[in-house]
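Student: requesting a structural model of the entry that follows:
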Amino acid sequence: MVKIHVNDEKKRVEVDPDMPLLWVLREELGLTGTKFGCGSGYCGACVVHVDGAPVRSCMMPVSAAENKKVTTIEGMSGDVVEGLQKAWVEQNAPQCGYCQSGQIMSAALLLKSNPTPSDSDIDNAMNGNLCRCGTYQRIRRAIHSAAADLASPASGGTS
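Tutor: Modelled structure (predicted):
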């Protein structure tokens, strides 16, 4: 039995403690927004936040998440993620969409720590997120757009 705290809910799962967090989220808890990409921690499709840090859930055993706060794309809320989602649509960032939950998870952490990122800041923060469709320029534009919208007085600032 492993106890984890996912999207502000305490969960108990009867799984092998070495099972990757990704599979617990998807198969045991039905949180399928986090995607399986490569299974080797290279692509970033499986990024979740663990205690506020980006983690490749395909590489983390669920036992390592015990007593930590796990946030998946389904648990994201607030101005930053809403701004990113709006900008993603406006900038036509997704093509196939498969990598997008991991992209948004990484972009949200970037904007929370750096509300006015440069191109270099964005490239560094998003470096571990691969897009098979190659929409990197649109993703960068979407992050800049979300940052600008969040900084405008009409949006009420960031949260």
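Student: the strands in this structure, which residues?
Tutor: Per DSSP state E, the chain carries strands over the ranges 2-6, 9-13, 47-50, 53-56, 69-71.
Student: so of the ones you listed, which one's packed in deepest?
Tutor: Of all these, strand 47-50 carries the top mean neighbour count, a mean of 24, counting by mean count of other Cβ atoms under 10 Å. C-beta: built from backbone N, CA, C; applies to glycine.
Student: now for that strand, which elements pack on it?
Tutor: strand 53-56, strand 69-71, helix 100-113 (3 or more Cβ pairs under 8 Å, 6 or more residues apart in numbering; DSSP states H and E).
Student: picking up where we left off before, for residue 92, find the nearest of the strands of the chain.
Tutor: Taking Cβ to Cβ, strand 47-50 is the member of those nearest to residue 92, at 21.5 Å.
Student: neighbouring strands - and their directions - for that closest one?
Tutor: Strand pairing for strand 47-50, using DSSP bridges, gives strand 53-56 (antiparallel), strand 69-71 (antiparallel).
Student: what mean pLDDT does it have?
Tutor: Mean pLDDT, computed over strand 47-50, is 98.
Student: equivalent analysis for stretch 126-145, please.
Tutor: Per-region confidence: stretch 126-145 scores 95 on mean pLDDT.
Student: got the contact list for the lengthiest helix in the chain?
Tutor: The longest helix of the chain (DSSP state H) is helix 136-151. Contacts to helix 136-151, defined as Cβ atoms under 8 Å, 6 or more residues apart in numbering, come from residues 79-80, 83-84, 86-88, 90-93, 103, 107, 110-111, 115-117, 119, 122-123, 126, 131, 155, 157-158.
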